[in-house]
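Novice: no sequence on this one, just coordinates:
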C-alpha cells in the first residue's frame, strides 16, 4: 500500500498493477438509508496495516466486506483478483479473527482450533493445531473448555483458529482486546513475524500505540470514508495546513527563538515553562535548518523533539478535521 | 454432510439447558402410558391413540422440532459463532444440509422414540401397529417441522416466536375453528400419515385430513422450506458493527 490521500487519485494506479492480495475499488456499503462505507478504494500488499477510526466509522464493516461476509452495495472487493463475496474458495487464503467474543463454549481450545483446521481441509489438522496453539502460547490450557477461558485466552484461541491453515491474508478485528500487556506484546511480535514472511495482515484497533508499534501502514476511516492511507509519518507530512510542533532545549532559548523567527517556514515560536516551542510549516526544512541557525546564533542545542508526529496526533488531526 | 459441522451442531443442540426440558417432556409421554397401563382402566387402544396424537404429535413433536430447528443455525447467527462455519472453503448448502439433518435426527430421537415406547407400553388392541404408525409419522412430521423452522431462522431473528405462533395459533387454535387451515398444518399431515400407516379402526383414531392432500401439501412445504433455507444461507451476510 502506498501513501495516498483520496480514492480518485488511486484509481489509475490500481488498474495498472497486477491483482493485489486485497483490493477494494469504489466500495460502498449501506444499510437502508445508513451509509456504513462510502466509496472506499485501496489495495493491501504484504505487511501489517492498521485500520483506524472512531467507533462506528465502518472499520468492522470494511473487514467483513474484505472477508466476504458482506456484499458491497457498490464497487468490488477482490482477493487475489477473485470476488470476496460468494466464493468459499477465498477462505483458503483468508484467516479471520472476528470482533465478537462468541466461541463454542463446550469445545476445548484444541477442539476449537482443530475444528477450524479440519473445516479448512488440512491434510493433518492435529499437527497444524498443535503448531497454532503453541504460537499463541495456549498449549498448557488447550484441553480446557473455552467457556472457562479468560477473554485474552479466548482471543488467542481465535487467533490460532484464524491462522491454523497458514493463510496468506489475516484479517483481525480488535485482536488485542482483553489481552494482558505480555500477551499483547507476544501477539504483536507474532503478527510482525507473519508479515515478514510475506503475509498481508490487516487489523483494526482503537489503541493507537498498538497500531504505531505493529503496523507499517495505516488506513484511517472516518464516517465510512477513507480519510487517509499509507505510512502515518508520510500522511503527517502531507498535512501542510497543520504546522509541525517542536520543543527545543538550548543554552540560550531566547536567542535561538529570535534566530528561528527569521526563517520563512517557521510560523511561530513561544517560550513556555522554560521550553522553547517552535511551529514550522515544513518539517524537513526545519529539521535541516535548526542546527545551522543555532550555530549562527552561537547557541548550543541540547534537544530537538517533534511533538505532534505521533500516530495519535495524525489521527487526532484527521478526526477533528 | 460435514462431520465437523455435524459434531458441533449436535453438541450445541444437546448442551443447552432447554434440551433437558425436552427430555423431561418426552419422559412424560412414556410415564403417562405406563401409569395408564398400571391403572384399573388397563390397556385401551382408543386411549393409546389419543395419547400419541395429543401429547405425542400435537405437543411433544412441534416443541422439540421448534427448539432444535430454530437452534441449529439461528442461534449460531445470533450468537456470532456462525462466522467460524461460513468463513470456510465449504459450500453453504453443505452447512444447511448438515444442520438440518442433525436437527431432524435430534427431533426424531426425542419425539419418535418416546412415541414408539409409549404406544407399546400403553397397549390395547393393535397398539404395536399404532405405536409404529405414529412413530414413523412423527419422524416425517419432525423432518417437516425442522425444515420449516430452519428456514424460518434464516428469514427472521425471531424464528422461535413465529414458530411458536404457528404451532399455538395456527395449528392449535385456527385449525380447530376453520377446517381449511388444517391443510397447512404439519400436525394434521402427521396424523394423516399415522392413520395411513397404523390403519386403526374408525372408533380408535381418525385423521381430519385426507392422506392424498397431506402427502402433496407436505411435499410442497418441504421443498419450499428447504429451498428458502438454501437460498437464504447462500446469500446471508454477517454484518460487522451495528450501524
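Specialist: Thanks, I have the structure now. Because the structure is predicted, anything quoted here is derived from the model rather than measured. Residues are numbered from 1 along each chain as shown, chains lettered A, B, ... in the order given.
Novice: run a quick neighbour tally on residue 196.
Specialist: By default, I'm working from chain A. Look at residue A:196: counted by other C-beta atoms under 10 Å in any protein chain shown, it has 11 neighbours. Yep, even glycine has a C-beta here, placed from its N, CA and C like the rest.
Novice: please go with chain B instead
Specialist: So residue B:196, with other C-beta under 10 Å, has 17 neighbours.
Novice: isn't it up against residue B:211?
Specialist: Yes - the pair residue B:196 and residue B:211 qualifies as a contact (C-beta atoms under 8 Å) at a distance of 4.8 Å.
Novice: do you have the helices of chain B handy? List them.
Specialist: B:3-14, B:17-38, B:45-50, B:61-72, B:74-79, B:83-86, B:92-122, B:127-155, B:159-165, B:175-177, B:186-198, B:211-235 (DSSP state H).
Novice: compare the ones you listed and say which comes out lowest on pLDDT.
Specialist: Looking at those, the lowest mean pLDDT belongs to helix B:175-177 (a mean of 79).
Novice: which strands and helices sit next to it?
Specialist: In this structure, helix B:175-177 packs against no helix or strand, with contacts taken as 3 or more C-beta pairs under 8 Å, 6 or more residues apart in numbering or on different chains; DSSP states H and E.
Novice: tell me which residues in that helix are buried?
Specialist: residue B:175 (16 or more other C-beta atoms under 10 Å in any protein chain shown).
Novice: how about residues contacting it?
Specialist: With contacts defined as C-beta atoms under 8 Å, 6 or more residues apart in numbering or on different chains, helix B:175-177 is touched by B:181, B:182, B:185, B:187, B:188.
Novice: hmm, try it at 7 Å
Specialist: Contact with helix B:175-177 is made by B:181, B:182, B:185, B:188, as judged by C-beta atoms under 7 Å, 6 or more residues apart in numbering or on different chains.
Novice: report the contact partners of the second one.
Specialist: Taking C-beta under 7 Å, 6+ apart as the criterion, residue B:182 is in contact with B:175, B:188, B:208, B:209.
Novice: from residue B:134, how far out is the most centrally placed residue in chain B?
Specialist: Nearest to the geometric centre of chain B sits residue B:142, at 2.8 Å (C-alpha atoms, centre = their mean). Taking C-beta to C-beta, to the nearest Å as the criterion, residue B:142 is separated from residue B:134 by 12 Å.
Novice: just residue B:188 next, same as before
Specialist: 14 Å.
Novice: pick out the residue nearest the middle of chain A.
Specialist: residue A:50 (0.7 Å).
Novice: so what secondary structure elements neighbour the helix or strand where that one lies?
Specialist: Assigning secondary structure by DSSP states H and E places residue A:50 in strand A:47-52. With contacts taken as 3 or more C-beta pairs under 7 Å, 6 or more residues apart in numbering or on different chains; DSSP states H and E, strand A:47-52 sits against helix A:59-66, helix A:181-196, strand A:200-204, helix A:208-214, strand A:217-222.
Novice: make it 6 Å
Specialist: If contacts are counted by 3 or more C-beta pairs under 6 Å, 6 or more residues apart in numbering or on different chains; DSSP states H and E, strand A:47-52 sits against helix A:181-196, strand A:200-204, helix A:208-214, strand A:217-222.
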